[in-house]
Every structure is written in structure tokens, then in C-alpha cells.
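# Coordinates for the following, if possible.
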Amino acid sequence: MIETALWIAAYLIAYLAGTFPSAQIVARASGITITEVGSGNPGAANVTRALGWRKGVLVFALDAAKGVVGAGAGYAVGGRGGAYLCGAAAILGHVYPITRGFRGGKGVATAAGTMLVLHPVLVPVVIGIWWVVSRLTGTAAIGSLLAVAAAPVGLAITGAPGWEFAATIGICALIFIRHASNVQRLLQRREHRIT
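Coordinates of the predicted model:
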């Protein structure tokens with residue numbers, strides 16, 4: 001009974017942490033409504049386009065912290081399996097926040113925070129891929145998609161257990177789905193540039 005209550009509490013904490021509106025708060029402090037500018041996405045890339053790299057990095061860090069909180073809560077209750085489960089809950093909270101009509105961000109930064117708890121060596125490499133590709137192409141979506149694709153590859157190279165690989169694939173699939181509109185704009189050469 002107590003164990004079940006702890007699981008429920010950890011999952012709720014993770015999901016609610018994910019709903020924290022980092023981009024909206026940072027943008028509002030600068031006098032803009034982030035969902036009404038650029039791509040309209042409440043995430044670090046759109047904040048970067050609207051307000052510059054410093055504010056974008058701040059939002060990325062805050063969104064990543066949501067994943068750290070979620071995965072950390074899950075780790076405390078159920079080890080690595082719990083960290084994956086509650087990290088996914090934080091990502092879902094960011095992507096589908098009940099507090100904002102289930103209209104949230106793309107989940108990249110929150111997933112990075114989750115993976116930071118589980119695979120701290122891999123995350124700087126993935127972020128490096130995102131940074132280099134985004135700078136070279138001027139498009140955050142391309143960087144995000146390649147970085148997300150690199151995560152399970154990294155797990156395979158490091159010999160992570162099969163269930164962790166499968167769980168990571170699931171998280172990556174959600175993020176790819178959330179980028180469907182970006183892919184469509186990329187194919188039409190209408191994707192918003194980050195610079």
C-alpha cells in the first residue's frame with residue numbers, strides 16, 4: 001500500500017514538474033507571449049528566436065530540470081526503471097500539460113534532463129550534436145531530430161540493456177511525433193530559422 005502510494009506520488013510529482021511553463025514565464029518577463037510569436041511553440045528554440053541565446057539557454061535549462069526532477073523522483077522510488085517511467089511522465093507533462101489544455105512543447109530539453117540522470121556521459125555528446133547541427137543549418141528542428149536519433153545509437157554503442165534501449169526509443173518516438181509539423185515545414189522549405 002505504501003509502495004503504491006509512493007509510486008503514484010512520484011509519477012504525479014514528475015508530471016506536474018513537467019507542466020511548469022518555463023518558456024511562457026521567461027518570455028512574459030520580457031514582455032512577449034511566446035505562443036504568439038515565431039513558431040508559437042513554448043520551447044527553448046522559439047524563445048531563442050524571439051529573445052536571444054541567453055534566454056533560450058535559460059529556458060532549456062529550466063525545461064531540462066523538469067526531466068531531472070521527474071527521473072530523480074522515479075529513481076528514488078524504483079531505481080532505473082522508476083527513473084525512466086517518471087522521466088517519461090515529466091516529458092508528457094511538458095508536451096501535454098493539463099494546466100494549458102494539453103498544448104505544450106516538443107519535449108527535447110525535458111528528455112535531455114531525464115537522460116542526464118540515467119546516462120550522464122551520453123547527454124553532453126547529444127547536446128553537442130544539437131548545437132553543432134543547429135548552428136550549421138540555422139535550424140533548431142534539424143539539430144533536435146538528429147540529436148534525438150543519436151540517443152538510442154549511443155545507448156547501443158555503450159551496451160545498455162535492451163529494455164533501456166526500448167524505453168529510449170519510445171521517448172524518442174514521442175519527440176519525433178511532436179516534430180511532425182517541423183518536418184513538414186522543412187520539406188516545404190518554410191521551417192523557422194533559429195538565427
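
# phi, psi of residue 164?
Dihedral pair for residue 164: phi -70, psi -40, per degrees, to the nearest 10.

# ok, it touching residue 80?
Yes. At 7.2 Å, residue 164 and residue 80 qualify as touching, with contact defined as C-beta atoms under 8 Å. C-beta coordinates here come from the backbone N, C-alpha and C atoms, glycine included.

# what sits in contact with each of the two?
Common neighbours of residue 164 and residue 80, counting by C-beta atoms under 8 Å, 6 or more residues apart in numbering, are residue 118.

# helices or strands up against the helix or strand that contains residue 12?
Assigning secondary structure by DSSP states H and E places residue 12 in helix 2-18. On a contact count with 3 or more C-beta pairs under 8 Å, 6 or more residues apart in numbering; DSSP states H and E, helix 2-18 meets helix 53-95.

# by how many degrees do the helix or strand that the helix it packs on is followed by and helix 2-18 diverge?
Remark: after helix 53-95, the chain's next helix or strand is helix 108-118, criterion DSSP H and E. Helix 108-118 and helix 2-18 are oriented at 140 degrees to each other (axes from the mean of the first three to the mean of the last three C-alpha atoms, to 10 degrees).

# Kindly format the C-alpha coordinates of helix 108-118 as PDB.
The C-alpha coordinates for helix 108-118 follow below in PDB (Å, rounded to 0.1, in the frame of the first residue of the first chain):
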ATOM      1  CA  VAL A 108      13.600  17.800 -26.300                       C
ATOM      2  CA  ALA A 109      15.100  19.600 -23.300                       C
ATOM      3  CA  THR A 110      13.000  17.700 -20.700                       C
ATOM      4  CA  ALA A 111      14.100  14.400 -22.300                       C
ATOM      5  CA  ALA A 112      17.700  15.600 -22.100                       C
ATOM      6  CA  GLY A 113      17.200  16.200 -18.400                       C
ATOM      7  CA  THR A 114      15.800  12.700 -18.000                       C
ATOM      8  CA  MET A 115      18.700  11.200 -19.800                       C
ATOM      9  CA  LEU A 116      21.100  13.300 -17.800                       C
ATOM     10  CA  VAL A 117      20.100  11.300 -14.700                       C
ATOM     11  CA  LEU A 118      20.300   8.000 -16.500                       C
END
